[in-house]
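> Here's a sequence, model it:
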Amino acid sequence: MAFIMLGEDQGPSIVENAREFTSFENIADPDDVDPDGNPGDGTNHPERRPFIQIYHQGPASAIQDVTSSVFKVYPNPARDGQFTLNLMNGGVAQAEIISASGEVVGTYTLNQPTNFLDATKFPTGMYIIKVIQDGESYTKKLVIE
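Modelled structure (predicted):
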């Protein structure tokens, strides 16, 4: 499971910048019965719900600043399915295009500082492009229209 979160400044304090996510499984639990006797979905026992709360200190754009100096992708959105990927420090790298469902739908070997990539075989939508270079990996959002 992976979480990708891009922060936006929501206020002056850490608490105001917290993100909250609540989830519960929709499994009938014998102890979780509503007042009408229907098996529950977790709403009658909120203490059983998994909960994650993330506190972030520092600039909200710190992740974007680091990754933007490694490679650039343009045009984004790629309207004709073709786009350019520039490696800022040259060298050899691998690139993967990952669909919204997490499936790797394309792989490329990048041998040049400027690489012209063809994604016309992919359906329109949002993808993640992952570049692996010198043992480090970096990601950016890629939209194909």
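
> right, and the helix or strand after the helix or strand of the chain with the lowest mean pLDDT?
Lowest on mean pLDDT, DSSP states H and E among the helices and strands of the chain sits helix 62-68, with a mean of 45. Along the chain past helix 62-68, the next helix or strand (assigned with DSSP states H and E) turns out to be strand 71-74.

> what about dumping the CA coordinates of that next one to CSV?
Once non-C-alpha atoms are left out, strand 71-74 reads as follows in CSV (Å, rounded to 0.1, in the frame of the first residue of the first chain):
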residue,chain,number,x,y,z
PHE,A,71,13.7,15.4,-13.9
LYS,A,72,11.1,17.4,-15.9
VAL,A,73,8.1,16.1,-17.9
TYR,A,74,6.4,18.2,-20.5
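
> list the buried ones in the next helix or strand after that strand?
Elements were assigned by DSSP H and E; along the chain past strand 71-74, the next helix or strand is strand 82-87. Across strand 82-87, burial judged by 16 or more other C-beta atoms under 10 Å covers 83, 85, 87. In short, each C-beta sits where N, CA and C put it, glycine included.

> What pairs with strand 82-87, parallel or antiparallel?
Take DSSP bridges as the rule and strand 82-87 pairs in its sheet with strand 71-74 (antiparallel), strand 114-118 (antiparallel).

> any idea which of those is most buried?
Using mean count of other C-beta atoms under 10 Å, the stretch among the strands paired with strand 82-87 with the greatest mean number of neighbours is strand 71-74 (a mean of 16).

> what does it rub up against?
When contacts are taken as C-beta atoms under 8 Å, 6 or more residues apart in numbering, the neighbours of strand 71-74 outside the stretch itself are 83, 84, 85, 86, 87, 88, 93, 129, 131, 138, 140, 142.

> Among those residues, which one sits closest to residue 113?
Sorting the contacts of strand 71-74 by how near they are to residue 113, with C-beta to C-beta, puts residue 87 at the top with 5.3 Å.

> What's the separation between the closest one and residue 126?
Computed with C-beta to C-beta, to the nearest Å, the distance linking residue 87 and residue 126 is 22 Å.
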